[in-house]
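*Asks:* just to be clear, the model below is a prediction. Sequence and coordinates:
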Amino acid sequence: MKMILFFGMFLAVFILLNLYISKRFIAKLDLKESTKHFLYIFLIINFIGIVGYMAGRYYPHTPNWLYFLLSLPIGILFLLFCTAIIYDISRVMLSYTPLSHSRRSFFKRSLDISSLLLATSLSARSIYEARVLEVQKVDVKIPNLQQPYKIVQLSDVHIGGLIDKAFIHKMVQKVNKLKPDLVVITGDLIDIDVDLAHATLQELQKLNSTYGTYFVVGNHEYFHNIQKIIEAVQSLGIRVLENENVYIGDKDKGFNLAGVYDLMGYRVESHMPDINAALTGLKDSPTILLAHQPKYIQEVQKSVDLMLSGHTHGGQLYPFRFLVKLQQPYISGLHQHDEKLQIYVNKGTGFWGPPMRLGASAEITEISIS
């Protein structure tokens with residue numbers, strides 16, 4: 001019943017967005033009726049695609065080409081909606097501008113054309129950005145660290161759907177070229193039944209680093225049998241940090257690496273984060289904490305020097321940054337939280353939902369600590 005209610009509300013929101021685009025954008029364009037009719041049909045087809053995408057997520061054998069086409073409509077609708085808002089405001093402002101009829105018609109026509117071009121170009125740019133996996137280099141100074149280390153951070157890979165074996169193979173190759181001391185994965189690695197991700201997960205065994213690969217769960221792991229996912233990741237030789245810590249590096253020249261479960265654990269009352277347990281038995285060395293959501297920093301103690309997180313996707317599609325900011329204290333990049341504690345938020349190595357990114361490129365983070 002809850003699932004039906006969720007999907008009903010989900011579809012209702014998209015219907016309202018379509019109505020706004022139709023009434024406040026398309027209907028106001030100075031175009032031929034036949035052209036407007038074509039745009040209305042496009043909106044209907046796009047909405048059908050959204051319904052198809054929601055169904056396709058629960059049918060894992062959907063061909064990749066079809067899943068790609070079905071994944072785009074949500075992103076396209078969102079960008080169209082943002083364009084429609086800008087257009088609507090601009091059109092109203094223009095109507096109150098003291099201009100002659102001919103000049104107002106000229107500016108209105110220019111607004112119509114530029115708005116359509118904006119929506120098209122933003123959609124194309126977003127699809128392109130999602131295909132580019134950048135290496136983001138970051139230098140972090142940590143007091144009392146006796147020698148430098150190179151950490152490669154991956155986050156929010158979201159294996160499943162379009163994040164397949166080929167994507168992970170490419171990602172692993174990029175990581176290995178960086179020759180890291182260790183690799184950390186800060187949650188939302190798997191977004192599908194783990195039994196269907198076996199071949200893709202095997203690619204992670206090819207990650208090479210001096211001290212190995214470490215993983216903490218994200219909120220999406222809780223949706224697909226978290227314990228089963230933990231066991232599957234452990235079988236790859238990857239150390240899962242479950243409210244615990246390990247020591248990385250040579251004696252007296254290394255650092256503590258701690259990791260906690262995700263905040264989602266509080267909601268489901270299982271696999272709950274425990275910062276006290278995670279920091280028990282620390283050596284007298286700097287401490288780095290892996291925690292999926294940036295807002296977990298509110299529970300972090302003073303003994304932590306650097307926190308590595310993900311979850312936000314950097315907003316993924318730029319206007320979403322403002323919505324994410326309502327929930328998370330940090331969206332992306334390196335921040336000084338207080339006198340001692342720093343936090344770095346990875347924008348996500350994969351993507352969730354539409355294969356689109358705008359102003360928030362996918363990243364592999366190369367973190368040099370010294």
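*Replies:* Ah, there it is.

*Asks:* rest of the way, CA atoms for contacts and neighbours
*Replies:* OK.

*Asks:* in the biggest helix by length in the chain, what's buried?
*Replies:* Of all the segments of type helix in the chain, defined by DSSP state H, the longest one is helix 64-95. By neighbour count, with 16 or more other CA atoms under 10 Å as the criterion, the buried positions of helix 64-95 are 67-85, 87-88, 91, 94.

*Asks:* Three-state assignment for residue 192, please.
*Replies:* coil (DSSP: H, G, I helix; E, B strand; the rest coil).

*Asks:* how near is it to residue 157?
*Replies:* 12 Å (CA to CA, to the nearest Å).

*Asks:* the more surrounded of these two?
*Replies:* residue 157 (25 against 21; other CA atoms under 10 Å).

*Asks:* which SS state does residue 258 fall under?
*Replies:* strand.

*Asks:* contact partners for it?
*Replies:* 241, 243-246, 278-279, 287-290 (CA atoms under 8 Å, 6 or more residues apart in numbering).

*Asks:* for it, which non-adjacent residue is closest in space?
*Replies:* The spatially closest residue to residue 258, leaving aside those adjacent along the chain, is residue 245, at 4.0 Å (CA to CA, 6 or more residues apart in numbering).

*Asks:* would you mind measuring from that neighbour to residue 282?
*Replies:* Taking CA to CA, one finds residue 245 at 7 Å from residue 282.

*Asks:* comparing the two, which residue is more hemmed in?
*Replies:* residue 245 (24 against 18).

*Asks:* that's a helix at the more buried one, yeah?
*Replies:* No - counting by three-state DSSP, residue 245 is not found in a helix; it is strand.

*Asks:* isn't residue 26 right up against residue 39?
*Replies:* Yes - counting by CA atoms under 8 Å, residue 26 does reach residue 39; the two are 7.3 Å apart.

*Asks:* picking up where we left off before, quick check, nearest of the contacts of residue 258 to residue 103?
*Replies:* residue 290 (58.4 Å; CA to CA).

*Asks:* can you dump the C-alpha coordinates of stretch 348-357 into PDB?
*Replies:* What follows is stretch 348-357, C-alpha atoms only, in PDB (Å, rounded to 0.1, in the frame of the first residue of the first chain):
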ATOM      1  CA  GLY A 348      29.700  11.000  -6.900                       C
ATOM      2  CA  THR A 349      31.500   8.700  -9.300                       C
ATOM      3  CA  GLY A 350      28.300   7.400 -10.900                       C
ATOM      4  CA  PHE A 351      24.800   8.900 -11.100                       C
ATOM      5  CA  TRP A 352      21.400   8.100  -9.900                       C
ATOM      6  CA  GLY A 353      18.200   8.400 -12.000                       C
ATOM      7  CA  PRO A 354      18.700  10.200 -15.300                       C
ATOM      8  CA  PRO A 355      22.200   9.700 -16.900                       C
ATOM      9  CA  MET A 356      22.600  13.500 -16.700                       C
ATOM     10  CA  ARG A 357      24.900  15.900 -14.800                       C
END
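
*Asks:* no further queries at this time; thank you.
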